[in-house]
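Engineer: Sequence isn't available, so here's the structure alone:
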DNA sequence: AAAAACGACAACCGCCGACAC
DNA sequence: GGTGTCGGCGGTTGTCGTTTT
């Protein structure tokens, strides 16, 4: 329990990642893909634990990250999904291509919660705040009368909807989506999310922003898609940003045609092909 | 101009489930 | 079935830039 064995070893760096470390990790994963995270630091020449490398890759280095501020559509989608899913950030992130669970979680905690409160909505239950207060007062008065009764949880992650509880991993999202969709599209004040929700066809990372299993399965074809669609620009602050509108040739057609990125800082090899 | 407060976001921590042995 | 390892997740903390006092 607790810290992984890799983290217990001496001389492991912590804290912010340097551009050099980013470069090493990025180059390693581009070349070899992700096999076993615990072996990545050693193979990449990093004094970090595998967990830290994994997090850095998922939240920061992955080439398909969108970055930048959230659009209004994304904001509405997050709020709607949070009402359905609660703090299941990885599941919420799965519906927002290019966004990570960490990013969404931070956005929620630092911004959206505040916005909802300003609109008079409780960010936990998504009910009007005055209604929550009334319920709380009622609960308090009930408790004072029935002090010996078991305490019921106040928070209900599914406040207005009932969901099928036993869906397999692949079916769960579909069921949730159908129920979420049918519940909200007819409700006043809610956006039509359907065009945003259906990303299963073009979101190559599967069910979660943190899910790297697809990388393990077919790193080459995934990188093919990613590199072609989102060329990399190594910015001075070491962040990667897609070059909007840039057309890249398909690697499967002509791998040698993509030999270099726009790399003003750091040097990324593209000869993993 | 300096200090304090605030906000955004990167990273860590602890826990859990899956899996292999 | 017990144990250890690993990946993944959500909560929390740390860091740093910006704004306010």
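Structural biologist: Done, it's in. Remember, it's a predicted structure, so these values are computed and weren't measured experimentally. Numbering: from 1, shown residues only, chains lettered A, B, ... in the order given.
Engineer: and the stretch 51-200 of chain A, which of its residues are near DNA strand B?
Structural biologist: A:51-52, A:55-56, A:59-60, A:69, A:102-103, A:105-107, A:109-111 (C-beta under 7 Å from any atom of the strand). The way it works is simple: take the backbone N, C-alpha and C, and place the C-beta from them, glycine included.
Engineer: Quick check: which of the residues you listed are also close to DNA strand C?
Structural biologist: Contacts with DNA strand C within those, as defined by C-beta under 7 Å from any atom of the strand: A:51, A:102, A:105, A:106, A:109.
Engineer: filter the residues of the stretch 51-200 of chain A next to DNA strand B to the buried ones?
Structural biologist: Buried residues within those, counting neighbours by 16 or more other C-beta atoms under 10 Å: A:51, A:52, A:55, A:56, A:59, A:60, A:102, A:103, A:107.
Engineer: Columns secondary structure and pLDDT on top of the residues you listed, output as JSON lines?
Structural biologist: Below are these laid out as JSON lines (DSSP: H, G, I helix; E, B strand; the rest coil; pLDDT from 0 to 100):
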{"residue": "A:51", "secondary structure": "helix", "pLDDT": "89"}
{"residue": "A:52", "secondary structure": "helix", "pLDDT": "91"}
{"residue": "A:55", "secondary structure": "helix", "pLDDT": "89"}
{"residue": "A:56", "secondary structure": "helix", "pLDDT": "90"}
{"residue": "A:59", "secondary structure": "helix", "pLDDT": "88"}
{"residue": "A:60", "secondary structure": "helix", "pLDDT": "89"}
{"residue": "A:102", "secondary structure": "helix", "pLDDT": "89"}
{"residue": "A:103", "secondary structure": "helix", "pLDDT": "90"}
{"residue": "A:107", "secondary structure": "helix", "pLDDT": "90"}
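Engineer: Nearest to DNA strand B among those residues?
Structural biologist: Nearest to DNA strand B among these, counting by C-beta to the nearest atom of the strand, is residue A:52 at 3.7 Å.
Engineer: OK, contacts around that closest one?
Structural biologist: Applying C-beta atoms under 8 Å, 6 or more residues apart in numbering to residue A:52 gives the contacts A:12, A:14, A:41.
Engineer: Ok, residue A:44 next?
Structural biologist: With C-beta under 8 Å, 6+ apart, residue A:44 has these contacts: A:24, A:25, A:27, A:28, A:29, A:53.
Engineer: I appreciate the help and will end here.
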